[in-house]
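**Q** show me the folded form of this:
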Amino acid sequence: MTKFILSALAVLTLVGLVIAGAPLAQANTTAQAACVETYTVAAGDTLGNIAQRYLGDIAAYTQIVAATNEAAKTDTSFKTIADANIIEVGQKLCIPAKSANAPATSAPANRGGAAAGLYTNTGPAADASALIYLLTLDPNGGAVMTQSYVSKGSFVSKGSWTQSGNAVTVNFVEQDGKASTAKVVLNADADKLTTTQDDAKIFNGTTGFVLTKTATDVVALSGVYNTTLAAAGDKPETFVAFTLTPDGKALFIQNPTGKDSIVETGTWTASGANATVNLTKRGDTDIQENFVFALQGENFTATTFDQAMWGANGLTLKRVEGIGATTATAPAAPTPAPTSAPAAPALTLAQLGNATYAVQDAPNGSITLKGGKAEAELAPGSASKYTAQLSDMLANGTLDNKPYAAAILITSGGGSGTFYNVAAVPNNNGTPGTGITFFIGDRITVTGLKIENGAVQVSYLDRKPDEPMAATPTVAMSKVLVIDNGKLAEGATIQPVPAGSPEGMYIATRPAADASALLWQVFLGPNGNASWLSNYVGKGTSNATGNWEQTSETTVELTLIHRDGENIGEKFTFEAQGNTLTATKYDQSLYGDSGIVLYKADAQVTGTVTYLPKIALPDDAVVEVYLLDASKADAPAEYISGVSYRTNGDQVPLPFTLPYASSQINAGGTYLVQAVISQNGRLLFKNSNGVAVITHGAPTSNVQVTVEQPAP
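**A** Alright, predicted model coming up:
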């Protein structure tokens, strides 16, 4: 495993240390070979960090190198360090005595302090396995706090910290990528930090909240690991997951398809890259089951286990969730916001949520919203209701040489249709006038909205002309709307995609904390509109929207603005390489450090899901269809892409479209389509063996997947 000596080469230069072209053994002739103590390298360690921690000086890493190399001459438990940039998890280091002229361990004034380290607090959560706080106080003065609801999500706050005596002051300036200031004061006492001031309720808002200093290897190994075991013999396909919390508690879940879950609990300890797990309870029953796992990259492999239970090949899981960043960079001073205000204050969604809209299908030709919603009788005494509500999309700009806001108004006339309309609302010096609307489509997916060049530009996904309404919208569409004689009308057309443009659909598969997989569909649409659909297999979907820009021939900047009705501010930089987008900049505290690679989807599998029994599906049934790579006979099939949608009363045959990237397909591989129909988490139908597609003469269109009821 390659590790770099912090990012502080400039610091090394300032202290006059020159390492290029000189053997490390000669870099510090006063290095002491005798080991005052030893240290085992954990994930995230660098020699610079270790030297700062034990010797009080980042440049003293050369003393650790020289001492370790000297010890390796007579003790085989040490390994010679040939390159100071390369150390491995689990490697044993010799820590020499601190030099007499080494600086004190406290950082310079106003930059960090002696309390630098990792601090955690683990507690219960209402709808998650646990709530874990990880506060990282980096020696460089940077601070980051990750509040992780295990298997549910996390919140990340960033800032800086200082120490004066026992008082540690943390000033946060950002939360989840958005500006947010908060100050916390804690008292440092031995290995504890206790809050004495927490006005912004970062740590529950009460004094006396305690965080405990936690070893690097414990933090590095804490998190969630899972995998799906293929069916074998009389054993069904089984989803398994380990959760290890930094307070030493272990949770092991086995979820066999069609059977009750098995929940086991116990304890665990860390040693470098190894975790020793001791499970002692299965529900209320005492058990004794022991594992030793080794973390190698993203693989969490059992090296000690019960072979009678897990077979000779054992158990290997994927790391799908950590508990936060173990390093932090002190933030730069914020750039002051411009003081000039626009001529007319931009309208907000809250204002538009109480405006009146002229809508063609409304009972009286218009509808007035309250709190973003409205309901009216279709006719006097009618039980059917006309409903209208705003989506979370908003744009402000100039239309017809006047200030306007644009939004998406969703209406329904009591039937199965859900109608999407673009609404343009006059901005009367900060007050909304009556909005005018333009119908876009029924049960579509709007992916982008903006006002630019005097026009409203909307992008969305619709169905092919011959597809039924139950089909998932997958066809990229867009419209340009202008104001013509007081009405919204189609204006100029959007230009075709230029050659070499990265515009299109991209897919990727990731491990997920509490699902079999996480499938991404990222759509870079016309006019810079973007959407990012996350499908947690078997758990549900989440959709984010925003915009994108091609800033160079090979660079794409993507910003996600909304996710499921919430405002976010996630930014990505991608490098376009052939038919892939590789993220070069993104928030690793949210997306992990294993990288993001998206594959352009240039093909698709289409078909229908059906079953033989004459049984009607409930209105709230959910159909899930997945494309899997089953090429490896000795390993579980891997997910490529999938679709999940509510049937809303539609019956079989149910259509599906599964995008895939031909660059990911091996002509000799085996690819299957599997489908599941469920209701409120209860399995109704499933096909067990999968239907072959794509290779070996198998079809890519008109694929019929027949599902069956599970065995009682």
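
**Q** how much space between residue 249 and residue 149?
**A** Applying Cβ to Cβ, to the nearest Å, the value for residue 249 to residue 149 is 16 Å. Quick note: C-beta positions are derived from backbone N, CA and C, even for glycine.

**Q** which element, helix or strand, includes residue 54?
**A** Using DSSP states H and E, residue 54 maps to helix 47-55.

**Q** now do the helix or strand just after that helix and helix 47-55, the angle between them.
**A** Later in the chain than helix 47-55, the nearest helix or strand by DSSP H and E is helix 61-72. With axes from the mean of the first three to the mean of the last three Cα atoms, to 10 degrees defining the directions, helix 61-72 sits at 90 degrees from helix 47-55.

**Q** ok, which stretches of the stretch 351-500 of the chain are strands?
**A** Counting by DSSP state E, counting those that start in this stretch, the stretch 351-500 of the chain has strands at residues 356-358, 366-368, 373-377, 385-399, 402-412, 419-428, 431-432, 435-442, 445-452, 455-462, 475-484, 487-490.

**Q** deepest in the core, which of those strands is it.
**A** strand 455-462 (a mean of 23; mean count of other Cβ atoms under 10 Å).

**Q** can you list the low-confidence ranges for the stretch 251-400 of the chain?
**A** Within the stretch 251-400 of the chain, the ranges that satisfy pLDDT under 70 run 330-344, 379, 382.

**Q** which parts of it are helices?
**A** Ranges of helices in the stretch 251-400 of the chain, per DSSP state H, counting those that start in this stretch, are 307-310, 349-352.

**Q** what's the most buried one of the ones you listed?
**A** Greatest burial across the helices of the stretch 251-400 of the chain, using mean count of other Cβ under 10 Å, falls to helix 349-352, with a mean of 16.

**Q** what comes into contact with that one?
**A** Contact with helix 349-352 is made by 369, 372, 390, 392, 394, 405, 407, 423, 425, 431-432, 435, as judged by Cβ atoms under 8 Å, 6 or more residues apart in numbering.

**Q** now, among those residues, which is nearest to residue 582?
**A** residue 392 (29.6 Å; Cβ to Cβ).

**Q** the residue positioned nearest the centre of the chain: what's its closest spatial neighbour, skipping adjacent residues?
**A** By Cα atoms, centre = their mean, the chain has its centre lying nearest to residue 591, at 4.4 Å. Nearest in space to residue 591, with sequence neighbours left out and distances taken as Cβ to Cβ, 6 or more residues apart in numbering, is residue 583 at 7.9 Å.

**Q** same question for residue 447.
**A** residue 531 (3.9 Å).

**Q** after the host helix or strand of residue 535, next one along is what?
**A** Following DSSP H and E, one finds residue 535 within strand 529-536. Sequence-wise, the next helix or strand downstream of strand 529-536 (DSSP H and E) is strand 540-552.

**Q** so for that next one, what's the average pLDDT?
**A** Mean per-residue pLDDT for strand 540-552: 87.

**Q** which residues does it contact?
**A** By Cβ under 8 Å, 6+ apart, strand 540-552 touches 393, 445-448, 450, 501-502, 524, 528-536, 556-564, 568, 570, 644.

**Q** what angle do it and strand 385-399 make?
**A** Strand 540-552 and strand 385-399 are oriented at 10 degrees to each other (the same axes, to 10 degrees).

**Q** if we go by neighbour counts, what in strand 540-552 is buried?
**A** With burial defined by 16 or more other Cβ atoms under 10 Å, the residues of strand 540-552 counted as buried are 541, 543-548, 550.

**Q** determine which two of these are furthest apart.
**A** 541 and 550 (27.3 Å).

**Q** look at residue 160 and say how many residues are nearby.
**A** Using other Cβ atoms under 10 Å, the number of residues around residue 160 comes to 22.

**Q** isn't it up against residue 140?
**A** No: contact criterion Cβ atoms under 8 Å: residue 160 and residue 140 do not qualify, at 9.2 Å.

**Q** and stretch 271-287, end to end?
**A** End-to-end distance of stretch 271-287 (Cα to Cα, to the nearest Å): 24 Å.

**Q** show me what counts as buried in it.
**A** 272-275, 277, 279, 282.

**Q** between the contacts of helix 349-352, which is nearest residue 223?
**A** Of all the contacts of helix 349-352, residue 392 has the smallest distance to residue 223: 31.2 Å, by Cβ to Cβ.

**Q** right, and the closest one touches residue 562 too?
**A** Yes: counting by Cβ under 8 Å, residue 392 touches residue 562, with 5.0 Å between them.

**Q** within the sheet, what are the partner strands of the strand holding residue 535, with directions?
**A** Within its sheet, and counting by DSSP bridges, strand 529-536 is paired with strand 518-524 (antiparallel), strand 540-552 (antiparallel).

**Q** before we move on, back to that, who are the packing partners of the helix holding residue 54?
**A** In terms of contacts (3 or more Cβ pairs under 8 Å, 6 or more residues apart in numbering; DSSP states H and E), helix 47-55 is packed against strand 37-40, helix 61-72, strand 92-95.

**Q** for residue 679, which of the ones you listed is the nearest?
**A** Residue 679 lies closest to strand 37-40 among the helices and strands packed on helix 47-55, at 50.5 Å (Cβ to Cβ).

**Q** counting by contacts, list what that closest one packs against.
**A** helix 47-55, strand 92-95.

**Q** restricting to C-alpha, output it in PDB.
**A** C-alpha atoms of strand 37-40 as PDB (Å, rounded to 0.1, in the frame of the first residue of the first chain):
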ATOM      1  CA  GLU A  37       8.500   1.500  21.600                       C
ATOM      2  CA  THR A  38       7.100  -0.100  18.500                       C
ATOM      3  CA  TYR A  39       4.200   0.800  16.300                       C
ATOM      4  CA  THR A  40       2.000  -1.200  13.900                       C
END
